[in-house]
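> sequence first, predicted coordinates after that:
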Amino acid sequence: LLGAVVMALERRPSLAGFLLAMAVLVKVAAVLPAVAVIAWLVARQGWRPGARAAFVAAGTTVVGYALAGGTAVLGPLQDASAYRSKASLWSFPVSWTERQLFGVGASAVAHALSVAAVGVVVVIAAVVVAARLGDVDPAVAAGAAGMIYLLGAAYVLPWYAGWTIPVLALAWRSRLALLAAAQAAVYAVIYVDRPGDPSAVLHHLVGTVATHVVPVGEAVALIALVVVSARRIRPMLGGAARALPAHVEALA
């Protein structure tokens, strides 16, 4: 992802698309930042570079999946679709729904909420990325797309922060980079909660923070990102609407 962002800045869309495909073939969640980079290319450099990057990225990804076994490669993704991590925003809703409404072991419920999580992540990522398409580089747009996944997905582990931190290091002064660093630090603490310390009290405290406090923080961060992004988008839409009559008149 970092290489793709740099290549996009260097106006080498084909190589950017290839590197985006490599990221997707490593982890399918990279689709979100890949789309963000391609959208930035279209917005900043024109539809031809964007289309070239998209074509190379899509073609390379299809070839990679075909070489790896075709549709059989999607099997592990389907098996893992009901997974949820302890600090996920969706962990408590799934557990409560299973326990109170359908009974423990209702895998269909877990799967449905996992699908809902994907939908929420995609919608929020679209809003946040749209607000960043006017930036001078695609680092924040790409990093934001990955960050939305870390905050809103059903299954997130500490080392997933490695998807976003190298990219956001290009925009280290941004608030999003600070949020990414905070998320990585919190997840590192709650997953390695007592190295060399057998205290059950500390373990219980960290576990409670992981399951009850961190998800609330994730929800607050997602809401804040949507609000800030909507405020950035509104003037852009207003400007486009005001410019439309003059544009139509010029065409006439």
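Noted; the coordinates are in hand.
> residues in contact with the residue nearest to His212 when sequence neighbours are not counted?
Excluding the flanking residues, the one nearest His212 by C-beta to C-beta, 6 or more residues apart in numbering is Phe92, at 7.5 Å. (Each C-beta comes from the backbone N, C-alpha and C, glycine too.) Each residue near Phe92 by C-beta atoms under 8 Å, 6 or more residues apart in numbering is listed here: 211-212, 215.
> low-confidence ranges, this protein, go.
Scanning the chain for pLDDT under 70 picks out 93-110, 193-198, 236-252.
> which residue ranges of it form helices?
Ranges of helices within the chain are 2-9, 13-26, 31-45, 47-68, 75-79, 91-97, 107-130, 139-152, 165-168, 175-191, 200-208, 214-251, based on DSSP state H.
> out of those, which one sits most buried?
Most buried of the helices of the chain, by mean neighbour count (mean count of other C-beta atoms under 10 Å): helix 139-152, with a mean of 28.
> report the distance from that one to the chain centre.
Centre-to-centre, helix 139-152 and its host chain are 4 Å apart (C-alpha atoms, centre = their mean, to the nearest Å).
> angle of it against helix 31-45?
Orientation check (axes from the mean of the first three to the mean of the last three C-alpha atoms, to 10 degrees): helix 139-152 against helix 31-45 gives 160 degrees.
> tell me the angle of helix 139-152 relative to helix 2-9?
150 degrees.
> please renumber the chain so that the first residue is 16 from this point on.
Got it, the first residue is 16 from now on, which makes the last one we talked about helix 154-167.
> tilt between helix 154-167 and helix 122-145?
If you take the same axes, to 10 degrees, helix 154-167 sits at 160 degrees to helix 122-145.
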